[in-house]
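Trainee: below is the structure, and that's it, no one-letter string:
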């Protein structure tokens, strides 16, 4: 039955080992439960992060809402350069256009989280620690440093 | 910190008692973790369903992906009139435009699930057991019986 | 050259004879200049309406902007049941969600207009004189009488 | 009556004098008939370009369809570096993601055209002669040179 993934099926998934393209310490195993059941417009993933690793690079999406529900382990979440401890049963919501954030496994066991988010045809995300911006559109990605972007004033179209 | 809901905070939420407008037995307590943290474009809820109750009315969304991750309890999921048992750690993905489905707490303890889904400006959903269709658009809802809908052939616009 | 339609090419197009599905007197020849050049997301048409005929049925779109630029002839435009005379060089803009409207060739020569509008994946339009509503979605169309629509109050999703 | 602009009203509009931010010779008077009647989701403009001037900078939109209908005058349209002559009654459709293009008044009288196009929340346009790309999103604009953009390969999200 393609719609249902049993707990054992999920544990048996090998997942995809991902290292963030801007952060060598941003390493996770990504099991996309949504992809496995045919979801296209939202991402729903079970991620596993080992102690000492981060889930991604400190970032913020301008258009896509995302959120995290912690299943196991403990982590430090950094939001707008402030630290917060989270553990099993905690939820973090990141509204589109909000504050930059990252998450690091600061415990001694594997951090397991559910991560959900929009999958828009278009999004922009900023990486404030790197002064970089990414434009994602229909499977493509353009990355620029903020210093190389200019901002002409234009009338309405 | 508005971005984070601790496990205790979530347990302390009273939630919203909802009865489905087409199913008196579709009763749940809905704690919208997404709303509480400012998410606007996806819904992310912790729902609680008591033994014998259903989470909603048997339905399918034409445009919105939705999915369920079971935290506690056991349930019978009905997909396209077939029964499937699910319990803690199982995941169910319902792609937009897929098969109709419902979920009933067939166990003896409270069923607790995470439910995530798109929040589009527009969606259509069908209730096959009632021969009804709902059009939702920007906060409005129109419900019609399929027998009252006609389908003119029109050229492109 | 597919991007360009010369004046002579446009005149030579036979166009599509359309009668509105709710109005036997709503008859026009529709030359879709946009379709002929590969536009997908906006409609841009040169329409021809003979004396005594209307271009469509009195209606309003809830989501799609549309507009008309008169090239030749004279017409009576009805907006919110008020009559207005228009002729060559006049423009009428119909914002989405605005007032219902129709146009009739009340002159003695062929009325020729450019008609432009959005082509959304989804739209709703009302036909106030018929108490009907049409839902258009990805090439499908559902038509209901307003008396057959109910409006349940639902919580956020 | 806000929905209707009579020919005399349009002639009396002063319009907005625009010079393209990347082309000093890209000068036009822009009378936005759509804005004047409350359209928000499509642009519909009557533009006037004097002899020797271009309407804009050679460009292509990745997401927005646009098109032009010539009312008066003669122009050379350049599409993918090929020249084409156009005059009153000709139509040019530019599908999103198609070929780059520009238009120059190569006649001796004012060029008058109707220009229609989508107004998306997000678009990308390329200026091939300048090796520049513009990202427009909700009223903002970021411009980058193609040499400053990198294209990381990323997995699905």
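Mentor: Perfect, thanks for sending it. This structure is a prediction, so every number in the text was calculated from the model and none was measured.
Trainee: OK, now which residue of chain A is nearest to chain C?
Mentor: Nearest residue of chain A to chain C, counting by CB to the nearest CB: residue A:121, 12.0 Å away. Where C-beta positions appear, they are placed from N, C-alpha and C, glycine not excepted.
Trainee: now the residue nearest to that residue when sequence neighbours are not counted: how far from residue A:119?
Mentor: Closest residue in space to residue A:121, ignoring its immediate chain neighbours: residue A:138 at 5.6 Å, by CB to CB, 6 or more residues apart in numbering or on different chains. Residue A:138 is 11 Å from residue A:119, where distance means CB to CB, to the nearest Å.
Trainee: what's the answer for residue A:140, then?
Mentor: Separation of residue A:140 from residue A:119 (CB to CB): 14 Å.
Trainee: re earlier: higher neighbour count, residue A:138 and residue A:119?
Mentor: residue A:119 (18 against 10; other CB atoms under 10 Å in any protein chain shown).
Trainee: surely that one is in contact with residue A:44?
Mentor: No - assessed by CB atoms under 8 Å, residue A:119 is found out of contact with residue A:44, at 10.0 Å.
Trainee: what is the burial count for residue A:99?
Mentor: By other CB under 10 Å, the residues close to residue A:99 number 15.
Trainee: surely it is in contact with residue B:3?
Mentor: Yes - using CB under 8 Å, residue A:99 is in contact with residue B:3, at 7.1 Å.
Trainee: residue A:118 bridge partners, please.
Mentor: Residue A:118 has these beta-bridge partners by DSSP bridges: residue A:42.
Trainee: next, the contact list for it, please.
Mentor: By CB atoms under 8 Å, 6 or more residues apart in numbering or on different chains, residue A:118 lies in contact with A:41, A:42, A:43, A:63, A:64, A:65, A:66, A:96, B:41, B:42, B:118.
Trainee: take the residues you listed and write them to TSV, including pLDDT and distance to residue D:26.
Mentor: Below are the contacts of residue A:118 laid out as TSV (pLDDT from 0 to 100; distance: CB to CB, whole Å):
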residue	pLDDT	distance to residue D:26
A:41	96	39
A:42	98	42
A:43	98	41
A:63	97	30
A:64	98	35
A:65	98	39
A:66	98	40
A:96	98	34
B:41	96	37
B:42	98	42
B:118	97	41
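Trainee: from these, pick the one nearest chain D.
Mentor: Nearest member of those to chain D, counting by CB to the nearest CB, is residue A:43, at 5.2 Å.
Trainee: per-residue pLDDT of the spatially most central residue of chain A, please?
Mentor: Taking CA atoms, centre = their mean, the centroid of chain A lies closest to residue A:56, which sits 6.1 Å from it. Model confidence at residue A:56, given as pLDDT, is 97.
Trainee: with the one 4 residues further on instead?
Mentor: Looking at residue A:60, its pLDDT reads 98.
Trainee: three-state assignment of it?
Mentor: State at residue A:60, reduced to three classes by DSSP: H, G, I helix; E, B strand; the rest coil: strand.
Trainee: what sits against the closest residue to it other than its chain neighbours?
Mentor: Nearest non-adjacent residue to residue A:60, counting by CB to CB, 6+ apart: residue A:100, 4.1 Å away. The contact partners of residue A:100, by CB under 8 Å, 6+ apart, come to A:58, A:59, A:60, A:79, A:80, A:126, A:128.
Trainee: how does it look with 6 Å?
Mentor: Contacts of residue A:100 were listed using CB atoms under 6 Å, 6 or more residues apart in numbering or on different chains, and they are A:58, A:59, A:60, A:128.
Trainee: who are the contact partners of the last one?
Mentor: Contacts for residue A:128 were tallied using CB under 6 Å, 6+ apart; they are residue A:100.
Trainee: quick check: it vs residue A:56, distance?
Mentor: From residue A:128 across to residue A:56, the span is 13 Å (CB to CB).
Trainee: element containing residue A:86?
Mentor: In the assignment (DSSP states H and E), residue A:86 maps to strand A:82-87.
Trainee: can you give me the buried ones in that strand?
Mentor: By 16 or more other CB atoms under 10 Å in any protein chain shown, the buried positions in strand A:82-87 come out as A:84, A:86.
Trainee: tell me what it is packed against?
Mentor: Strand A:82-87 is packed against strand A:74-79, with contacts defined by 3 or more CB pairs under 6 Å, 6 or more residues apart in numbering or on different chains; DSSP states H and E.
Trainee: may I see the buried residues of the strand it packs on?
Mentor: Buried residues in strand A:74-79, counted by 16+ other CB under 10 Å: A:74, A:75, A:77, A:78, A:79.
Trainee: confidence score at the fourth one?
Mentor: Read that as residue A:78. 98.
Trainee: and it, how far from residue A:19?
Mentor: Distance check for residue A:78 against residue A:19: by CB to CB, it reads 19 Å.
Trainee: same check, this time on the last one
Mentor: Applying CB to CB, the value for residue A:79 to residue A:19 is 23 Å.
Trainee: again with residue A:124
Mentor: Noted for residue A:124: a distance of 22 Å to residue A:19, by CB to CB.
Trainee: buried residues of the longest strand along chain A, list them for me.
Mentor: When chain A is parsed with DSSP state E, its longest strand is strand A:23-32. Neighbour-count burial for strand A:23-32, counted by 16+ other CB under 10 Å, picks out A:23, A:26, A:27, A:28, A:29, A:30, A:31, A:32.
Trainee: can you redo these as CSV with distance to residue D:51?
Mentor: Below are those laid out as CSV (distance: CB to CB, whole Å):
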residue, distance to residue D:51
A:23, 56
A:26, 58
A:27, 62
A:28, 61
A:29, 65
A:30, 60
A:31, 64
A:32, 59
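Trainee: let me have those in CSV, extended by distance to chain B and pLDDT.
Mentor: Output for these, formatted as CSV (distance: CB to the nearest CB, whole Å; pLDDT from 0 to 100):
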residue, distance to chain B, pLDDT
A:23, 21, 97
A:26, 20, 97
A:27, 23, 97
A:28, 18, 98
A:29, 16, 98
A:30, 14, 98
A:31, 10, 98
A:32, 10, 98
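Trainee: report the entries of those residues that also contact chain D.
Mentor: Near chain D, judged by CB under 6 Å from any CB of the partner chain, there are no entries from the buried residues of strand A:23-32.
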